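>>> A predicted structure for the sequence below; I have some questions about it.
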Amino acid sequence: MKAIITLGKLILNIIYAFHKLRPARRRITFVSRQSNEPSIDIILLREELGRRYPDVEVKVLCRMIGSGIRGKIAYILYMCGPMMKGFASSQVVVLDGYCIAASILHHKKNLKIIQMWHAMGCFKKFGYAVIGMDEGYSQKIAEAMNMHAGYDAVLISGEHCRKSMSTAFGCSPSLLQVMPLPRTDFVRKKKYTVPTAHRIFQKYPELRNKKNILYTPTFRKAGDNITPILSLIECMDYEHYNLIIKPHPLMTEVIPSKYAIVDHAFSSLEMLSVADYVISDYSAFILEAALASCPVYLFIPDEENYQRARGFFDDVTVESHGFRSGNPTEIMEAIKGNRTKIDDMQRFAEKYTDINEDCTGTIAQYLVNCFTK
């Protein structure tokens, strides 16, 4: 396997050498494989850069790795074409996850690569912290793929996260820059939440009539994704509440439900604008809900198995102070009794996020400052 990876890296770098013949421009390129569409963070930064720095080119490349051999081949071709072109022609590249091209290619010396990780806080272990675990890679694969190598900076949401995130990325703590993601602005400012809620109500007018519960389950790479969802669906009080289910993008199972809304049109962050309560489990989305002052309830029927397969830097189910249970009926009763306190959620948000008044503008300025003088 190592020999195959070494040969593959050599071939990719030969192809990349031809792309590097083109001159680098005053361009920032965002690269993501989290979704085929740009995230709210990328959208907000693209708009902010356009307003503040009209002389800066902004390019967005979003492409998930498809399933099966065909999907993998298609992604490699995409990497050899638009992605390599984007790296070669830019002075700054911004990532929101692990990017193969960023770590294995030999880039121009003046290229700055910034890791803007897609999850805030420092809760679920990932990267080098889960090497050898059920939901992680082997040490040999991580080393062969130069996992998380080549970053000039990694953005984190708060000073409290520095030690854990440096472990996950296998880098010096000094490489980490405290800059909360643009989504911090999105969930806290009415100029974003009000028009977003209007668009959601237009698609789902029934959400105006009852209290809305947003359920955002984590993706279990090494576990059962569908059973917790079905058990929660069965225990909801649909007479007084709407249940909105936001499946994880990597989840492929079909969720059958006569009463719940299984949404694929909006992001979880957008759905926060109409949510009165959030049910989640081990996701950093809990922090985003706390920033939006939305009470969180933790449905964790597989806590022991998840701890063994993945583990935490900081256990979000404890740190958030939200009501927690593995019993879906208890979750519903806790929501009826308002058993999660907003004050606790806000203290949780402040611990993990060094909030400023313009998180989007701060990052936009930082990226432009990365340009070669």
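Received it, and whenever you're ready, just let me know what you need. Nothing here was measured: the structure is a model prediction, and the numbers come from that model.
>>> quick one: end-to-end length of stretch 155-168, please.
Looking at stretch 155-168, the gap from its leading to its trailing residue is 13 Å under the measure C-alpha to C-alpha, to the nearest Å.
>>> just the mean pLDDT for it, thanks.
When the per-residue pLDDT values of stretch 155-168 are averaged, the result is 95.
>>> show me what the host helix or strand of Y297 is packed against.
Under DSSP states H and E, the secondary-structure element containing Y297 is strand 296-299. Secondary-structure packing of strand 296-299 (3 or more C-beta pairs under 8 Å, 6 or more residues apart in numbering; DSSP states H and E): strand 277-280, helix 285-291, strand 323-325, helix 328-336. Just so you know, the C-beta spots here come from the backbone N, C-alpha and C atoms, and that holds for glycine as well.
>>> distance from the chain centre to it, please.
Relative to the mean C-alpha coordinate of its chain, strand 296-299 is positioned 19 Å out (C-alpha atoms, centre = their mean, to the nearest Å).
>>> got the buried residues for the longest helix along the chain?
Assignment by DSSP state H gives helix 2-19 as the longest helix of the chain. Along helix 2-19, the positions that meet the burial threshold by neighbour count (16 or more other C-beta atoms under 10 Å) are I5, K9, L12, Y16, H19.
>>> need the next SSE after it, C-terminal direction.
Sequence order places strand 27-32 as the next helix or strand after helix 2-19, per DSSP H and E.
>>> picking that back up, let's test this: mean pLDDT of the longest helix of the chain, rounded?
Mean pLDDT, taken over the full extent of helix 2-19, equals 90.
>>> okay, the closest residue to Y282 other than its chain neighbours: pLDDT?
In this structure, Y282 finds its nearest non-sequential neighbour in T218, 4.9 Å apart by C-beta to C-beta, 6 or more residues apart in numbering. For T218, the pLDDT comes out at 81.
>>> next one: T218 from C235, what distance?
T218 sits 19 Å away from C235, taking C-beta to C-beta, to the nearest Å as the criterion.
>>> go on, R51?
Where C235 is concerned, R51 sits at a distance of 46 Å (C-beta to C-beta).
>>> among the two, which residue is more densely surrounded?
The residue with the greater number of neighbours, taking R51 and C235 and applying other C-beta atoms under 10 Å, is C235; the counts read 15 against 10.
>>> state the distance from the more buried one to I4.
When distance is defined by C-beta to C-beta, C235 is 48 Å away from I4.
>>> now do the contacts for I28.
When contacts are counted by C-beta atoms under 8 Å, 6 or more residues apart in numbering, I28 is found next to L49, V56, E57, V58, K59, S90, Q91, V92, V93, V94, L367, V368.
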